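# What follows is a predicted structure for the sequence shown.
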Amino acid sequence: MIQTSVELLFQGITLGGLYGIIGAGLALTFGILRVVNLSHGEMITIGAFVAVALVGMVPTLPIALVLAGAFVACALLGAFLQAAFVERAMAFRDPMVPMLTTFGIAVVLRNLLVETTGADLRGLNVGGLAQSSISLGGMTFGALPLVTLLLAIGVFVILSLLIRRTTFGREVRALSDRPEIAALVGVRGKRVHIKVAALAAGFAALAGVLLAMRASVSPYSGVSYLLIAFEVVVLGGLGSIRGAFAAGVLLGVVQIVSSRFDGNAGLLYVHVTFFTILVIRAISGRLS
Amino acid sequence: MPLLEIDTLAAHHGELVALDGLSFALAEHETLALVGANGAGKTTLMRVLCGLMAPTRGTIRVQGHALKPGDPLAAARAGLALVPEGRLLFDSLTIEENLLIGQSGRTGIWSLDEIYGLFPVLREKRRLSPAALSGGQQQMAAIGRALAANPRVLLCDEISLGLSPLVTDEVYVALKRVRDEGTALIIVDQDVTRAARIADRVACMFKGRVTYETQAATANAATLKNAYFGLTA
C-alpha cells in the first residue's frame, strides 16, 4: 500500500513538473508582458513537432539535443512573433488587443502546422528511455518521468536564478513593477519583452517535447495544453513562476491519483480541483 | 551654450493646456528652483523633459542637441534623470538593485560607494525592499537611483512632499552636495524657501508658463508670492 502510494505520488509529481513547465511560460508572459498569450498552446505543439522532425531526420540524436533544438526553434519563433506583432499590439492600452492578436497567431500557427505536417497524431520515439526504469527500495521509477522531473527542477532553478540574480532579471522585475520608470532608468522595454517572449516559447517547446514522449500530439493539441497552462497559472497566482510549479504539482498528483480510482476520468478531477479552489477563493474573497 | 534649453514648449492633457509656450535655459552646474501652485504645470514639465510625455509643440535641447520628444531612453542617454513625485521605486527589487538598475552606462563620480557615502542609511538597508523603508529613506533611494546614472541634469519633482522637516533638511543637504559636485539641478518643491536656498535661480510657473524668474539671491518674496498665486500673470 505504502509502496503504491509512493509510486503514485512520484508519478503525480513528475506529471506536475511537466504541468509546471507548461504554466511557467504563460506565467512569464502574463507576469511581465501583462499579455494573456493564447498562442502558448500552439508553441507547445510546435515544440513537439520540431522534436518529432529532428528525431525523424536523425534517429540517434541524443534527447538533450532534441530538447535544445526545440527550445531554440520555438524561442526564435516566439521572439519574432513578439517583435513583429505582439509588441505593436501592446502599444494599445486595451489589453484585449494583444490578447486577440495572440488568438490570431494561434489560429494561423495551428493551420500552418496542419498544412505542413498533416492532421495526424504523432509521437516521439525516444528508444529505450520510455521503457527504462530504476528500482529503489523495492519500488520502480520510470526513467522518462525522472527525466521530466529533473528537467522541471532545472527549468525552475534556471528561471529563478535568471530572474533573481542577473541584470536581465533585474530589468524584467523593474519593467514588471513600473514600466514607465524602468524606461527612465534606461531599461529597453521592447528588447526585454522580446527576450521574455523567447524564453516563454522556449519553455513551452520543452514541455511539448516531454508531452510528445508520453503521448501522441496533433496540431490541434494546443487548446487542451492551453487549458492546463491557464489552470496552473491561475491557481499558482497570476505571473508567479514558483506558484505555477506548485500548482502544476498539485494538479499532476490529482490527475494521477484520480486515474487510479477512475480509469476514464482523464482530466475531469484536475478541472474539478481547479474549479473547487476557485470557488473557495471566491468565498473567502481571495479570487484576485 | 546652455546645458539645457527649452524653447516654446507646449503640452496638453486632452483639451487642457498644461504647458503653454514655456521657454527657459539652464547652464552647466546651475541649480534652478521651479515653484508654482498646484496645476501650474511643473510635474508636466518634468514628465516632458524626461520623455514620459510628448510635447505638442516646442523643442528641448541638451548641449545643443535636440532631444527626441516623448522618448525616455533618449532623455536618459542625453543625461536627464528624474526623481519622480512619490518616489516610485521598484518594489520587487532590493534597495541596492534599485540603485544598480539606475546605472545607465554613463560614467561619473556617482558610483554605488559614493551614493552610499551620500546616504549611509541606504547601505544599511541595501538588502531590503523599498516597502521596508520610511518615506525619507525611500526619497534618498530615489535620488540615489537617479544619481547612479551620473546625470547632467537631475530633475527633482516635489522633493519634500510627505517628508518631515528634519528629513527634508537631510535631503537638501544631500542635494547641495550633488550641486557642489557639478550636477545641474531643477528642483520642483512646494517649499519655496528651502528650494530657493540652494538654487542659483528661481522660476515661478503659473498656468503652464514661467511668469517670474530671478536670481535666487535677489528674489523678492512679495513678487514671488504674487507670481505664485498668478497675481502678476
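Right, received. Where do you want to start?

# who's in contact with the closest residue to A:L76 other than its chain neighbours?
Take A:L76 and drop its neighbours on the chain: the residue closest to it by C-beta to C-beta, 6 or more residues apart in numbering or on different chains is A:A198, 7.1 Å away. Backbone N, C-alpha and C define where each C-beta goes, glycine included. For A:A198, the contact set (C-beta atoms under 8 Å, 6 or more residues apart in numbering or on different chains) comprises A:75-76, A:78-79, A:82.

# repeat for A:L54
By C-beta under 8 Å, 6+ apart, the contact list for A:L54 reads A:61, A:65-66, A:69-70.

# that older thread, with A:L149 as the reference, measure out to the residue nearest to A:L76.
A:A198 sits 25 Å away from A:L149, going by C-beta to C-beta, to the nearest Å.

# can you check A:E87 too?
Per C-beta to C-beta, A:E87 is found 35 Å from A:L149.

# Show the end-to-end separation of stretch B:85-94, please.
Using C-alpha to C-alpha, to the nearest Å, the end-to-end distance of stretch B:85-94 comes to 20 Å.

# what's the distance between it and the middle of its chain?
How far stretch B:85-94 lies from its chain's middle: 16 Å, per C-alpha atoms, centre = their mean, to the nearest Å.

# what's in contact with it?
With contacts defined as C-beta under 8 Å, 6+ apart, stretch B:85-94 is touched by A:170, A:173-174, A:176-178, A:181-182, B:43, B:46, B:95, B:97-98, B:101, B:126-131, B:135, B:138-139, B:141-142, B:145, B:157-158, B:161.

# PyMOL command for the buried members of these?
Command for PyMOL, covering only those of those found buried under the criterion 16 or more other C-beta atoms under 10 Å in any protein chain shown:
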select buried, (chain A and resi 170+173+174+176+177+178+181+182) or (chain B and resi 43+46+95+97+98+101+126+129+130+138+139+141+142+145+157+158+161)
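
# The contacts of stretch B:85-94 in helices, which ones?
A:170, A:173-174, A:176-177, A:181-182, B:43, B:46, B:95, B:97-98, B:101, B:135, B:138-139, B:141-142, B:145 (DSSP state H).

# Now do the helices for the stretch 101-250 of chain A: every range, in order, please.
A:143-165, A:167-177, A:179-184, A:189-214, A:222-236, A:241-261 (DSSP state H, counting those that start in this stretch).

# among those, which is the most enclosed?
Each of the helices of the stretch 101-250 of chain A was scored by mean neighbour count; the highest is helix A:189-214, a mean of 25, by mean count of other C-beta atoms under 10 Å in any protein chain shown.

# how many degrees apart are that one and helix A:241-261 in direction?
20 degrees (axes from the mean of the first three to the mean of the last three C-alpha atoms, to 10 degrees).

# who in chain B is up against chain A?
B:50-52, B:72-73, B:75-77, B:81-82, B:84, B:88, B:90-93, B:97, B:100-102, B:104-105, B:145, B:149 (C-beta under 8 Å from any C-beta of the partner chain).

# hmm, try it at 6 Å
Residues of chain B found near chain A (C-beta under 6 Å from any C-beta of the partner chain) are B:50, B:52, B:72, B:76, B:82, B:88, B:90-93, B:97, B:101-102, B:104.

# From the residues you listed, pick the one nearest B:D113.
Nearest to B:D113 among those is B:G102, at 14.2 Å by C-beta to C-beta.

# And the pLDDT for the residue of chain A found nearest chain B?
Taking C-beta to the nearest C-beta, chain B has its nearest neighbour within chain A at A:G186, 3.5 Å off. On the pLDDT scale, A:G186 is placed at 90.

# Relative to B:L88, how far out is it?
On the measure of C-beta to C-beta, A:G186 and B:L88 end up 15 Å apart.

# same deal with A:I241?
Counting by C-beta to C-beta - A:I241 and B:L88 are separated by 25 Å.

# do A:T276 as well
Here the criterion is C-beta to C-beta. By it, A:T276 lies 39 Å from B:L88.

# the more surrounded of those two?
B:L88 (19 against 11; other C-beta atoms under 10 Å in any protein chain shown).

# Can you go through the contacts of A:A198 and name the buried ones?
Buried subset of the contacts of A:A198 (neighbour count, 16+ other C-beta under 10 Å): A:75, A:78-79, A:82.

# would you turn the residues you listed into CSV with distance to B:R201?
Shown next, in CSV, are those (distance: C-beta to C-beta, whole Å):
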residue, distance to B:R201
A:A75, 53
A:G78, 52
A:A79, 49
A:Q82, 47
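
# quick one: which of those sit in helices?
Mapping these onto helices (DSSP H) picks out A:75, A:78-79.

# Sort out which of the residues of chain B next to chain A are in strands and list them.
Of those, the ones assigned to strands by DSSP state E are B:L82.

# Give me the buried entries from the residues of chain B next to chain A.
B:50, B:52, B:72, B:76, B:82, B:88, B:90, B:92-93, B:97, B:101-102, B:104.

# the helices in chain B, which residues?
Remark: helices assigned in chain B by DSSP H are B:42-49, B:72-78, B:95-102, B:112-118, B:120-124, B:135-147, B:165-180, B:192-198, B:221-228.

# Quick one, which of those gets closest to A:I105.
Distance to A:I105, taken as C-beta to C-beta, is lowest for helix B:72-78 among those, at 27.4 Å.

# Not counting that closest one itself, show me its contacts.
With C-beta atoms under 6 Å, 6 or more residues apart in numbering or on different chains as the contact definition, helix B:72-78 has outside contacts at A:183-184, A:186, B:50-52, B:62, B:67-68, B:104.

# how about these, which pair is most distant?
The widest separation within those (C-beta to C-beta) is 17.3 Å, between A:A183 and B:V62.

# Rebuild the contacts of helix B:72-78 as JSON lines, extending it with distance to A:I21.
Shown next, in JSON lines, are the contacts of helix B:72-78 (distance: C-beta to C-beta, whole Å):
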{"residue": "A:A183", "distance to A:I21": "31"}
{"residue": "A:L184", "distance to A:I21": "35"}
{"residue": "A:G186", "distance to A:I21": "32"}
{"residue": "B:C50", "distance to A:I21": "40"}
{"residue": "B:G51", "distance to A:I21": "39"}
{"residue": "B:L52", "distance to A:I21": "38"}
{"residue": "B:V62", "distance to A:I21": "47"}
{"residue": "B:L67", "distance to A:I21": "45"}
{"residue": "B:K68", "distance to A:I21": "41"}
{"residue": "B:S104", "distance to A:I21": "35"}
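
# In terms of helices and strands, where is the nearest residue to A:L149 once chain neighbours are set aside?
Nearest non-adjacent residue to A:L149, counting by C-beta to C-beta, 6+ apart: A:T14, 4.5 Å away. Per DSSP states H and E, A:T14 falls inside helix A:2-28.

# which strands and helices sit next to that helix?
Contacts defined by 3 or more C-beta pairs under 6 Å, 6 or more residues apart in numbering or on different chains; DSSP states H and E place helix A:2-28 against strand A:139-142, helix A:143-165, helix A:189-214, helix A:222-236, helix A:241-261.

# Quick check: buried residues in the shortest one?
Within strand A:139-142, the residues that count as buried by 16+ other C-beta under 10 Å are A:141-142.

# Mind giving me the packing neighbours of it?
Using 3+ C-beta pairs under 6 Å, 6+ apart: strand A:139-142 touches helix A:2-28, strand A:133-136.
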